[in-house]
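Undergrad: heads up, no residue letters with this:
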């Protein structure tokens, strides 16, 4: 599965980190909202995070490896996702596919996903089966067998997946090229699934080396949420994961994106009836923010995205879709939890008779309004109400709770970030929203990607609806 886990709003704070003593495992506990999150660290460096939720006799068991496409080099792009596939191809003691069959017999479900900064594996089972799935997952940490036969068969599967997800979908191909244009020299240039030329030339040894280097206890986080007792989970973690030695892991060299000094623009022509536009602007995240002021800007940018998008009363829906009838679908997006710099994006599908220029200028008209006049108190109240509702919905799912914890900790953010999120949004003022619009949304700092029907002369857009978030997401 390829996924960019999106938190319900965004995220921030300082990295949670525990020093490895080398002699005894360390433990901290902290109260977070309605539940307690208890954190441990094994002697081999593996982090263990447990959150109790006793509403039903079910448990989510997840292992997060801090490795994804943002760690890959040219020529080897997509290898993290390929290794995710190989993790289901058997270990020294289990045949290919046996892992999934065992979990199914337990009445559970399991899967995995690869993102830009992490790869995660999870099982959802009755609490009585926690030890069994932990035993199975721990076996995969160091004992997966990447055979040539299985590897090259699966490489063909991934190549076909790329054709289905990207090559045959003009909107996805546009988004991929949009990202590659916006990020020229930093890892976000690479698609999670990898460039096709790289996919077709992977060797089995590439996956073996990647596995040996990154799939180590000191590069992993165990997250368990559900009807459990933290101390019991900790003892099981020591028993099954604690037996492995840590690896000497050298972090990748910094690949800092060069400053954008002018507009970047690409056009893609394809067999489609859609005219689609992406616009993006480089912005900071809670991980990259260096000062308290910059961190507050992250919350203001998140509010800005929700003012523009979010529901039928947002500005884009009201002004661009219903009032001006310039687009039939549009959105604004921002994720302040990325490990590296990210983009504030606009995406839109042109209405019939409207050109890409019409769409761009309509979006810029909304941007200029934000720069000229602060947002209203009513709009801020709407954003806060949505965020509070989303937080409550998040608590309904133990899998969602676990996924948020793992994704935050994997990029160095604290476990209680989401629980403090709404409170931090309350600190955002209309003037701060206006300030970030002025600071980051500039024409000479934009990257624009346009999808046109493949004809002799580019026509006006055709009416069609399209998922505005068809980036690297989804399951096999």
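TA: Nice, I can see it. As the structure is a prediction and not an experimental result, all values here were calculated from the model.

Undergrad: So if we follow the domain assignment, how does this protein break up?
TA: With automatic domain parsing as the criterion, the domains of the chain are listed as 26-240, 264-453.

Undergrad: and the shortest one, how far from the chain's centre?
TA: The chain centre lies 15 Å from the centre of domain 264-453; the measure is Cα atoms, centre = their mean, to the nearest Å.

Undergrad: Touching, residue 59 and residue 227? I think so.
TA: Yes: judged on Cβ atoms under 8 Å, residue 59 makes contact with residue 227 at a distance of 6.2 Å. Using the backbone N, CA and C atoms, a C-beta is placed for each residue, glycine as well.

Undergrad: which residues are in contact with both of those two?
TA: residue 127 (Cβ atoms under 8 Å, 6 or more residues apart in numbering).

Undergrad: who's more crowded, the two?
TA: residue 59 (26 against 17; other Cβ atoms under 10 Å).

Undergrad: pLDDT at that one, what is it?
TA: Predicted confidence (pLDDT) for residue 59: 98.

Undergrad: Doesn't it lie inside a strand?
TA: Yes: membership of residue 59 in a strand is supported by DSSP: H, G, I helix; E, B strand; the rest coil.

Undergrad: Please list all residues in contact with the residue nearest to it when sequence neighbours are not counted.
TA: Leaving aside its chain neighbours, residue 59 sits nearest to residue 226 (3.4 Å; criterion: Cβ to Cβ, 6 or more residues apart in numbering). Contact analysis of residue 226 by Cβ under 8 Å, 6+ apart lists 52, 53, 56, 58, 59, 60, 127, 398.

Undergrad: ok, what's across the strand from residue 226?
TA: residue 52, residue 59 (DSSP bridges).

Undergrad: got it, and residue 37?
TA: Under the criterion used (DSSP bridges), residue 37 bridges to residue 30, residue 51.

Undergrad: rewinding a little: between the contacts of residue 226, which is nearest residue 81?
TA: Ranked by distance to residue 81 (Cβ to Cβ), the contacts of residue 226 are led by residue 60 at 22.2 Å.

Undergrad: I figured that closest one was touching residue 124, is that so?
TA: Yes: Residue 60 lies in contact with residue 124 (Cβ under 8 Å); the separation is 5.3 Å.

Undergrad: rewinding a little: could you redo the domains of the chain as CSV and give each row distance to residue 255?
TA: Formatted as CSV, the domains of the chain follow (distance: least, Cβ to Cβ, whole Å):
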stretch, distance to residue 255
domain 26-240, 5
domain 264-453, 8
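
Undergrad: which one of the ones you listed lies closest to residue 248?
TA: domain 26-240 (9.0 Å).

Undergrad: Please give the centre-to-centre distance between the closest one and its chain.
TA: 13 Å.

Undergrad: Doesn't residue 448 lie inside a helix?
TA: No: with three-state DSSP as the criterion, residue 448 is located in strand rather than a helix.

Undergrad: Now do the contacts for the closest residue to residue 67 other than its chain neighbours.
TA: Nearest non-adjacent residue to residue 67, counting by Cβ to Cβ, 6+ apart: residue 214, 4.1 Å away. With contact taken as Cβ under 8 Å, 6+ apart, residue 214 is in contact with 65, 66, 67, 71, 247, 249.

Undergrad: Tell me the pLDDT of residue 214.
TA: For residue 214, pLDDT reads 98.

Undergrad: which other helices and strands contact the helix or strand hosting residue 279?
TA: If you go by DSSP states H and E, residue 279 is part of strand 276-283. Using 3 or more Cβ pairs under 8 Å, 6 or more residues apart in numbering; DSSP states H and E, the elements in contact with strand 276-283 are helix 170-182, strand 342-350, helix 356-372, helix 430-440, strand 446-453.

Undergrad: same thing but at 7 Å, please
TA: The helices and strands touching strand 276-283, judged by 3 or more Cβ pairs under 7 Å, 6 or more residues apart in numbering; DSSP states H and E, are helix 170-182, strand 342-350, helix 356-372, strand 446-453.
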